[in-house]
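Asker: Based on what follows, work out the 3D shape:
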Amino acid sequence: MRSAAHETYDLEHTISAIVNRYGGKAVGLIMALQDVQKHYRYLPVEALKLVAEKMVLPIAQVYAVATFYRAFSLTPKGKHHICVCTGTACHVRQATVIVDDITRNIGIAPGETTPDGEISYETVNCLGACALGPLVTVDDEYHGNMTVMKMAAVLDKLRGKHVSVKETVEETA
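Answerer: Residues are numbered from 1 along each chain as shown. The predicted structure follows:
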C-alpha cells in the first residue's frame, strides 16, 4: 500500500520532470498541461497547483488555460477514449445511430466515463475528415465509415474480447 507521502513525492517528481522539459517557462504551459494530462488522464488540482508553483505563474492563469481548451479535462478520463464526430457530414451519414449504439452498449452518455474507468466517450462537432463519415476515433486512431457492427467489434476489442473489425464485417457480408 502506498502512503500519502509517497504519492505526494511521485506527484512532485512527475510535475517537476514535466515542467523542466519546457525550461519552466510560461510559453511551455500548454505543452506541460498536455503532458500532465497524458500522464494522469486528466488534470488533477494538485498537479495544476504544482505546475503554477514551478512555472512561477498565478494559479488563475494555469486554471484559465486548463479550462479554456476542450482538450483538457479536470475530471478523470477512462483508459480508452472514444470520440464520435457529429458534424454535418457525419450527421447526415447516421452518426446519431453510432452515438445511440455506444450509449446503449457501454451504458454512459457522451461526456461520461464508465464506472470501471475503462472507457470515456464524447461527441465533437468535427474531426476534420468529413469524407470518412461517420467518423469515430478510438485512442486517437481514426475509424472511418463507421457502422454499428464495426463499433460493436471496436467495443469488444476494448473490453478485451479480441474480435477484429474485419472479421465482424466479413461475417455480416
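Asker: those helices in this protein, which residues are they?
Answerer: 4-21, 29-40, 45-55, 59-68, 88-92, 95-106, 148-158, 165-172 (DSSP state H).
Asker: I'd like these as a markdown table, with distance to residue 118 and mean neighbour count appended.
Answerer: Using the backbone N, CA and C atoms, a C-beta is placed for each residue, glycine as well. A markdown table is the format used below for the helices of the chain (distance: least, CB to CB, whole Å; neighbours: other CB atoms under 10 Å):
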| stretch | distance to residue 118 | mean neighbour count |
| --- | --- | --- |
| helix 4-21 | 22 | 14 |
| helix 29-40 | 16 | 18 |
| helix 45-55 | 22 | 18 |
| helix 59-68 | 24 | 15 |
| helix 88-92 | 25 | 17 |
| helix 95-106 | 9 | 18 |
| helix 148-158 | 7 | 18 |
| helix 165-172 | 19 | 12 |
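Asker: Tell me which of the ones you listed sits nearest to residue 120.
Answerer: Nearest to residue 120, of all those, is helix 95-106, at 9.8 Å by CB to CB.
Asker: Looks like residue 142 contacts residue 131 (just checking).
Answerer: No - using CB atoms under 8 Å, residue 142 makes no contact with residue 131, being 11.5 Å away.
Asker: Just give me the residue closest to the centre of the chain.
Answerer: Closest to where the C-alpha atoms of the chain average out (CA atoms, centre = their mean) is residue 81, at 4.6 Å.
Asker: For beta bridges, what are the partners of that residue?
Answerer: Bridge pairing for residue 81 (DSSP bridges) gives the partners residue 120.
Asker: Now do the same contact list for it.
Answerer: 119, 120, 121, 122, 137, 138, 139, 140 (CB atoms under 8 Å, 6 or more residues apart in numbering).
Asker: For it, give me the pLDDT.
Answerer: Residue 81 carries a pLDDT value of 92.
Asker: gap between it and residue 28?
Answerer: Look at residue 81 and residue 28: by CB to CB, to the nearest Å, they are 24 Å apart.
Asker: For residue 135, give its distance to residue 7.
Answerer: 39 Å.
Asker: What of residue 94?
Answerer: From residue 94 across to residue 7, the span is 45 Å (CB to CB).
Asker: Could you list the low-confidence segments of the protein?
Answerer: 1-6, 161-173 (pLDDT under 70).
Asker: do that again at 50, thanks
Answerer: 163-173 (pLDDT under 50).
Asker: returning to that earlier point: residue 142 and residue 131: who's more crowded?
Answerer: residue 142 (15 against 8; other CB atoms under 10 Å).
Asker: What are the neighbouring residues in contact with the more buried one?
Answerer: 127, 129, 132, 135, 136.
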